[in-house]
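Asker: with the sequence up front, the predicted model follows.
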Amino acid sequence: MIACIFRLRLYFFIIHACMSSAAEPQQIVPMIGANRTSREFRVDSLAVGMLVMLAMTVVGRGIGFVRGMAFCRLMDDTDVGRWSMAFGFITLITPVMLFGIPGVLPKFTEHFRLKGQLQPFVRRIAIGTLVCTGVFVAAMALLPEWFGWVIFLQSQSASLVYAMAAAVVGMIVYNFASDLNASLRQVRVVSMMQFVHGVGFTVLSLAWLVNGGGFTGLILVFAVACLLATLPGVWSLAKNWKAATGVSETPEIAGIANETDDKISLGRMVRRLAPYAAALWMTNLIGNLFELSDRYMILHFLPLPPDALASGSADSIRETMGQAAVGQYHSGRIVPMMLLSVGTMIAGVLMPYLSADWEAKKLDSVRARIGDALLAVSLVFTVGGAFAILIGPWMFDVLLQGRYSDGLNLMPLALCFCTWSALVMVGQCYLLTAEKGRAVALAMFVGLIANLVLNAILLPRFGLMGAVVATLLAHGVVMVCVWSAMVFFGYPIGSKTVMLSLLPFTLLASPWVAILLACAIGWSQWKKPASRERLIELMPSRIRGRFS
């Protein structure tokens with residue numbers, strides 16, 4: 001979910017930035033004072049952005065599935081658990097320790113570019129990012145034992161912590177280049193970066209593991225993959241930077257374009273950016289803590305068998321058992337997280353259309369789009385989850401060699417709460433469109449508290465399964481909070497929404513029951529003329545003609 005939250009912001013920005021573009025790549029009008037024969041800055045259109053994002057989502061999820069299965073097959077559950085904690089820590093700490101500074105790029109790059117102040121803006125953001133990175137890496141170098149205990153429950157792994165520091169640096173460099181290219185609407189470049197990162201890390205990591213490489217080296221391989229994936233972004237920035245920093249001659253911004261770089265002081269820029277960066281930082285902190293809280297509770301508070309306490313080696317046993325339990329949990333979330341990433345893309349594509357309808361005062365259209373998206377996500381994800389449960393025994397016995405039985409047992413619960421999370425992503429689009437994003441952060445905070453409390457109660461009694469049940473209930477709490485906020489701000493939550501929310505829960509009873517109920521609900525909605533017409537409008541023109 002952490003990566004999904006980042007992709008949701010990226011998808012929304014790319015589509016929103018390209019909404020006014022035509023079907024072909026657009027060029028910015030000539031720059032003031034520029035040579036007419038010089039290269040002009042070009043951005044990608046909405047059509048290109050949509051097509052590229054869809055293709056990269058499909059390819060990326062396929063690569064991620066192969067890598068996830070290969071990791072579980074080539075490593076034991078202890079190392080899989082350590083990888084899950086390592087990747088979770090990297091994605092958690094990267095936006096948090098930067099205080100949201102690079103996160104302002106997608107929001108404000110075009111604003112400062114049109115003022116002719118893109119270069120000082122990016123330079124100051126880069127300096128702030130560099131300072132925060134240096135301070136954090138120095139802290140990891142000075143306190144390796146503490147970081148090792150927090151991340152892995154291993155206090156004597158200095159080399160592993162140093163590798164984590166390198167991975168954090170690699171991720172920061174990659175994210176900075178990706179955000180800056182995305183803010184300049186270089187959709188194809190960002191997609192190429194994602195592709196290189198996914199394929200590069202998969203190939204390098206599998207080659208490393210197949211040849212007997214250790215876990216510390218795997219973390220360094222991740223850092224190398226991040227840096228390799230940055231190269232297309234750096235090449236694009238070097239190629240387009242002179243054109244991008246030019247000022248447009250359009251009459252609308254002619255007055256703004258005459259401002260010089262030194263007119264915007266550091267203090268003014270900080271006051272302009274700080275509120276947005278602070279809100280983004282808080283959202284990242286709460287969302288990432290909610291996502292990682294269950295795994296940290298499992299790692300640090302998994303109950304030990306009575307004989308372990310009597311043996312005198314409780315710490316080493318807790319370390320091994322905790323990491324193995326996280327590994328089992330990771331294996332059961334591979335397929336659910338694939339579904340969740342699709343939900344992220346759906347929400348990202350939906351947002352600009354909701355914003356357009358909202359600005360046009362078409363509130364009924366906004367509610368209809370939200371309702372249709374909730375219907376599609378609930379039905380498709382429930383049916384997909386049911387088929388995943390049906391093929392689960394083969395997948396875990398054959399592909400994973402029967403070594404992750406706990407992961408197989410908890411997968412239905414993970415499918416349920418990941419579907420709920422996807423529904424929440426769609427629902428929060430309504431709140432974001434209505435500019436009530438604080439309600440989303442509040443819902444996540446309530447869910448975080450619920451997750452911690454429920455894990456504290458259920459984990460000591462029921463072990464790993466108790467932690468998964470606690471996470472399931474916490475996602476339910478978040479969903480109820482988001483639905484309540486939507487009602488408060490004008491969205492009609494009726495019996496249909498309640499039914500769609502409960503549908504994924506049937507996966508815990510029987511996959512066949514879930515499929516039958518999903519088909520019945522889908523058929524009942526198809527019989528309604530209004531719902532059928534909206535669905536037909538979404539189909540390609542050739543298929544749409546058959547239903548006319």
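Answerer: Structure received. Just so you know, these numbers come straight off a predicted model, no measurement behind them. Numbering: from 1, shown residues only.
Asker: ok, which stretches of the stretch 251-400 of the chain are strands?
Answerer: Remark: no strands are assigned in the stretch 251-400 of the chain by DSSP state E, counting those that start in this stretch.
Asker: the lengthiest helix in the chain - contacts with which helices or strands?
Answerer: Longest helix in the chain by number of residues (criterion: DSSP state H): helix 437-488. Contacts defined by 3 or more Cβ pairs under 8 Å, 6 or more residues apart in numbering; DSSP states H and E place helix 437-488 against helix 266-301, helix 314-332, helix 405-433, helix 495-502. Placement of C-beta: from N, CA and C, glycine included.
Asker: just say which of the ones you listed is most tucked in.
Answerer: helix 405-433 (a mean of 24; mean count of other Cβ atoms under 10 Å).
Asker: next, the angle from that helix to helix 437-488.
Answerer: 80 degrees (axes from the mean of the first three to the mean of the last three Cα atoms, to 10 degrees).
Asker: what is helix 405-433 packed up against?
Answerer: Under the contact criterion of 3+ Cβ pairs under 8 Å, 6+ apart, helix 405-433 touches helix 314-332, helix 334-359, helix 363-394, helix 437-488, helix 495-502.
Asker: which one of these lies nearest to Arg124?
Answerer: helix 437-488 (25.6 Å; Cβ to Cβ).
Asker: let me see the mean pLDDT of the closest one.
Answerer: Helix 437-488 carries an average pLDDT of 94.
Asker: with mean pLDDT and distance to Gly103 added, can I get the helices and strands packed on helix 437-488 in JSON lines?
Answerer: Below are those laid out as JSON lines (pLDDT from 0 to 100; distance: least, Cβ to Cβ, whole Å):
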{"stretch": "helix 266-301", "mean pLDDT": "85", "distance to Gly103": "4"}
{"stretch": "helix 314-332", "mean pLDDT": "86", "distance to Gly103": "27"}
{"stretch": "helix 405-433", "mean pLDDT": "93", "distance to Gly103": "15"}
{"stretch": "helix 495-502", "mean pLDDT": "93", "distance to Gly103": "31"}
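Asker: can you add distance to Ala514 and give those back as JSON lines?
Answerer: Formatted as JSON lines, these follow (distance: least, Cβ to Cβ, whole Å):
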{"stretch": "helix 266-301", "distance to Ala514": "24"}
{"stretch": "helix 314-332", "distance to Ala514": "17"}
{"stretch": "helix 405-433", "distance to Ala514": "10"}
{"stretch": "helix 495-502", "distance to Ala514": "11"}
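Asker: nearest to Phe87, of these?
Answerer: helix 314-332 (9.3 Å).
Asker: other SSEs contacting that closest one?
Answerer: helix 46-74, helix 77-97, helix 266-301, helix 306-311, helix 405-433, helix 437-488.
Asker: tabulate these (a markdown table), appending distance to Trp208.
Answerer: Output for the helices and strands packed on helix 314-332, formatted as a markdown table (distance: least, Cβ to Cβ, whole Å):
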| stretch | distance to Trp208 |
| --- | --- |
| helix 46-74 | 10 |
| helix 77-97 | 12 |
| helix 266-301 | 24 |
| helix 306-311 | 33 |
| helix 405-433 | 23 |
| helix 437-488 | 28 |
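Asker: and of those, who's closest to Leu339?
Answerer: Per Cβ to Cβ, nearest to Leu339 of those: helix 405-433, 5.7 Å.
Asker: poorly predicted segments of the chain, please.
Answerer: 1-54, 57, 156, 246-263, 307-315, 349, 352, 534-548 (pLDDT under 70).
Asker: recalculate using a threshold of 50.
Answerer: Counting by pLDDT under 50, the chain shows low-confidence ranges at 2-3, 5-6, 10, 13-38, 46-47, 250-262.
Asker: if we can go back for a sec, ok, which of the helices and strands packed on helix 405-433 comes nearest Val66?
Answerer: helix 334-359 (10.3 Å).
Asker: between helix 314-332 and that closest one, find me the angle.
Answerer: 60 degrees.
Asker: before we move on, the earlier item: and the helices and strands packed on helix 314-332: which comes nearest Val326?
Answerer: Distance to Val326, taken as Cβ to Cβ, is lowest for helix 77-97 among the helices and strands packed on helix 314-332, at 3.4 Å.
Asker: buried residues, the closest one. List them.
Answerer: 77-97 (16 or more other Cβ atoms under 10 Å).
Asker: by contact count, what packs against it?
Answerer: Helix 77-97 packs on helix 2-18, helix 46-74, helix 118-142, helix 144-152, helix 158-183, helix 215-244, helix 266-301, helix 314-332, going by 3+ Cβ pairs under 8 Å, 6+ apart.
Asker: which one of the ones you listed lies nearest to Tyr491?
Answerer: Of those, nearest to Tyr491 by Cβ to Cβ is helix 2-18, at 19.0 Å.
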